[in-house]
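K.L.:
Dropping a prediction and its sequence here:
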Amino acid sequence: MAAVSETIVREYFEQNEFLVRQFGKYVAPAGREDDDFDFVVLNPHAQPAATPMPGLLSTGDLAYIRRAIVVVRPWHSEVFSPAMLSSTPRIFRFLGKKAFQQAARDFAESGTLLTILVVPALPTEAQARKQSIDLIRSHGVDAVLSFRTILANLVREVEPNRNYQKSDLLQTLRILKQHGFFKEPQLELFKARPRSRGPRSAGDSGDKGSL
């Protein structure tokens, strides 16, 4: 599941014109797969941000990110609630790893560097969701990105009449779309609610707003 989830996240950033470098394609015998970070991403076309980056990212926010370290937690049966986050310290174990600290030093020399945690789900209730995001940020993570936001963007942007022969994931989504498995009523579920963040364009986050 981890490899599939990482592929989804990587495709998402590449589709949004980021350059992606993957780290840690192997796991040391004494290590754990979720001890390390997954990607460093660079946006060559980043725009200056007029407002601070929100704790919960939408796709529209990517335009204002220059570089980031991305950590994927593909635990798709979990909701990252305050209780779950408090009782699972290994979620943040990567922050103490030498590889992460070295990458943060190297890439921070070129300017602002964000740390983004990709999670399957946050609480649906607004206060609990805010508590989860605040707790994640208190550990030193800058922002959260949900798989719902990622998948919504990929599904929406894939064109059924385009051949994605270099990407198995996009080709699969294209075939499903071509055969009618993604209809407009389903896509309605992914549409973002109106945002009021000044000059930033609305993203296609499936989460209930940015906090």
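P.N.:
Noted; the coordinates are in hand.
K.L.:
quick one, phi/psi of the closest residue to Ala2 other than its chain neighbours?
P.N.:
Excluding the flanking residues, the one nearest Ala2 by C-beta to C-beta, 6 or more residues apart in numbering is Pro74, at 5.2 Å. Backbone N, C-alpha and C define where each C-beta goes, glycine included. Note on Pro74: its backbone torsions stand at phi -90, psi 50 [degrees, to the nearest 10].
K.L.:
Can you show me the CA trace of stretch 166-176 as PDB?
P.N.:
Provided in PDB are the C-alpha atoms of stretch 166-176 (Å, rounded to 0.1, in the frame of the first residue of the first chain):
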ATOM      1  CA  LYS A 166       4.100   6.800 -19.200                       C
ATOM      2  CA  SER A 167       1.900   6.600 -16.100                       C
ATOM      3  CA  ASP A 168       0.000   3.500 -15.100                       C
ATOM      4  CA  LEU A 169      -1.900   5.500 -12.500                       C
ATOM      5  CA  LEU A 170      -3.100   8.200 -14.800                       C
ATOM      6  CA  GLN A 171      -3.800   5.700 -17.500                       C
ATOM      7  CA  THR A 172      -6.000   3.700 -15.100                       C
ATOM      8  CA  LEU A 173      -7.900   6.800 -14.100                       C
ATOM      9  CA  ARG A 174      -8.300   7.700 -17.800                       C
ATOM     10  CA  ILE A 175      -9.800   4.300 -18.600                       C
ATOM     11  CA  LEU A 176     -12.200   4.500 -15.700                       C
END
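K.L.:
so how far is that stretch from its chain's centroid?
P.N.:
20 Å (C-alpha atoms, centre = their mean, to the nearest Å).
K.L.:
same question, stretch 148-161
P.N.:
Using C-alpha atoms, centre = their mean, the offset of stretch 148-161 from its chain centre is 14 Å.
K.L.:
Using PDB, list the CA coordinates for it.
P.N.:
Extracted C-alpha coordinates of stretch 148-161, given in PDB (Å, rounded to 0.1, in the frame of the first residue of the first chain):
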ATOM      1  CA  ARG A 148      -9.000  13.200  -0.800                       C
ATOM      2  CA  THR A 149      -7.600  16.500  -2.100                       C
ATOM      3  CA  ILE A 150      -4.900  14.600  -4.100                       C
ATOM      4  CA  LEU A 151      -7.300  12.100  -5.600                       C
ATOM      5  CA  ALA A 152      -9.900  14.700  -6.400                       C
ATOM      6  CA  ASN A 153      -7.400  16.800  -8.400                       C
ATOM      7  CA  LEU A 154      -6.100  13.700 -10.300                       C
ATOM      8  CA  VAL A 155      -9.600  12.500 -11.200                       C
ATOM      9  CA  ARG A 156     -10.700  16.000 -12.300                       C
ATOM     10  CA  GLU A 157      -7.600  16.700 -14.400                       C
ATOM     11  CA  VAL A 158      -7.200  13.400 -16.200                       C
ATOM     12  CA  GLU A 159      -8.600  13.600 -19.800                       C
ATOM     13  CA  PRO A 160     -10.400  10.500 -21.100                       C
ATOM     14  CA  ASN A 161      -9.200  11.100 -24.600                       C
END
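K.L.:
circling back to that earlier point, check contacts around the residue nearest to Ala2.
P.N.:
Going by C-beta atoms under 8 Å, 6 or more residues apart in numbering, Pro74 touches 1-2, 4-6, 120.
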